[in-house]
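[1] Build me a model:
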Amino acid sequence: MGYRILVADDEEEIRELLRLYLEKEGYEVLEAVDGEQALHLLQEYGDVAMLILDIMMPKKDGFHVLKELREKSNLPVIILSAKTADNDKILGLDLGADDYIAKPFNPLEAVARINSNIRRFYSLGAKDSQMVKKVLEVQDLTLDLEGCVLRRGKEVIELSSTEYRLMELFMSNPGKIYTKQQIYEYGWQEAYFIADNNIMVCISKLRAKLSDDNNRYIRTVRGLGYRFEAGEDA
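    Model (predicted):
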């Protein structure tokens, strides 16, 4: 059986359209008609792989659902909404959404984005289809994937959403070299373009927060990209 996806939207036509296309791709689809039902189904089914979330829904809107979800889970979320203003997109992404699809949408494009996010999230070790890995530990750092919290011992290291995704990427595969394109597409959740300065600034901020003056954690591999060191004995 394929991954289970929850579609939360109060428009029956949207839910049926996505179900049709997603089931053709081998996904199992759950449906919620409002925000409260979405949260209930997420609690009832512990193995939902992705949430497709409308913003304007009764009882609880998508922003409130996303905020509550991010307090305890790193489940990938794609917002699907007719609210296309930049501030709505920014708010959704800042609350922890992984992607944003504006209505009306091409169902083939929506499925392609869903496939891309599923592949990116699960192939990089953030989760496994059989067993959920809730904590990543590398050197003296611990990344709580459900709480979205990075710790060094008892110290909590505050991260932006982009910095968190980069730490998730690095700590999922310590010792692996990631290209700038891989880093940008995972961290910024959009197609890569020449954005070396954005990457350098973000890596610099991460190093500062990690007190990584000697590249103990994040190592630059000249001409290739970056890797996260597994430890002194790796």
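[2] now this protein, which segments are flagged as low pLDDT?
    Within the chain, the segments meeting pLDDT under 70 span 1-2, 83-88, 123-133, 194-195, 232-234.
[3] Check which helices and strands the longest helix along it is in contact with.
    Identified as the longest helix of the chain according to DSSP state H is helix 107-123. Here helix 107-123 touches helix 12-24, strand 48-53, strand 77-81, strand 99-102, going by 3 or more CB pairs under 8 Å, 6 or more residues apart in numbering; DSSP states H and E. (Glycine included, C-beta is placed from N, CA and C.)
[4] To Tyr3, which of those lies closest?
    strand 48-53 (3.7 Å; CB to CB).
[5] for Leu159, what are its contacts?
    If a contact means CB atoms under 8 Å, 6 or more residues apart in numbering, then Leu159 has 150, 167, 206, 209 as its contacts.
[6] Highest neighbour count among these?
    Tallying neighbours with other CB atoms under 10 Å puts Met167 at the head of these, with 25 neighbours.
[7] ok, and for the helix or strand that one falls within, which residues are buried?
    Taking DSSP states H and E as the definition, Met167 sits inside helix 161-172. Neighbour-count burial for helix 161-172, counted by 16 or more other CB atoms under 10 Å, picks out 161-172.
[8] Okay, and which of the contacts of Leu159 map to helices?
    Within the contacts of Leu159, residues falling in helices by DSSP H are 167, 206, 209.
[9] where's the nearest residue to the last one once chain neighbours are set aside relative to Lys67, distance?
    Which is Lys209. Residue nearest to Lys209 in three dimensions, not counting chain neighbours: Ile157, with 5.4 Å by CB to CB, 6 or more residues apart in numbering. With distances taken as CB to CB, to the nearest Å, Ile157 is found 21 Å from Lys67.
[10] quick one: which of those two has more around it?
    When Ile157 and Lys67 are compared for neighbours, Ile157 comes out ahead with 17 against 12, by other CB under 10 Å.
[11] distance of the more buried one from Tyr3?
    Remark: distance between Ile157 and Tyr3 (CB to CB) = 31 Å.
[12] could you redo the contacts of Leu159 as CSV and give each row distance to Leu17?
    Formatted as CSV, the contacts of Leu159 follow (distance: CB to CB, whole Å):
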residue, distance to Leu17
Leu150, 39
Met167, 36
Leu206, 40
Lys209, 43
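[13] burial count for Ser116?
    Residues within reach of Ser116, counting by other CB under 10 Å, total 16.
[14] Revised request: answer the last question for Ile183.
    By other CB under 10 Å, 22 other residues sit near Ile183.
[15] residues touching it, list them.
    Ile183 neighbours (CB under 8 Å, 6+ apart): 166, 169, 199, 225-226.
[16] Now do the same for it: helix, strand or coil?
    Look at Ile183: counting by DSSP: H, G, I helix; E, B strand; the rest coil, its state is helix.
[17] now the one 4 residues further on
    Per three-state DSSP, the secondary structure class of Gly187 is helix.
[18] and it, what is it in contact with?
    162-163, 165-166, 169, 199, 202.
[19] picking that back up, can you list the buried residues of helix 161-172 in CSV and add distance to Arg219?
    Output for those, formatted as CSV (distance: CB to CB, whole Å):
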residue, distance to Arg219
Ser161, 24
Thr162, 20
Glu163, 17
Tyr164, 20
Arg165, 19
Leu166, 14
Met167, 14
Glu168, 18
Leu169, 14
Phe170, 10
Met171, 14
Ser172, 16
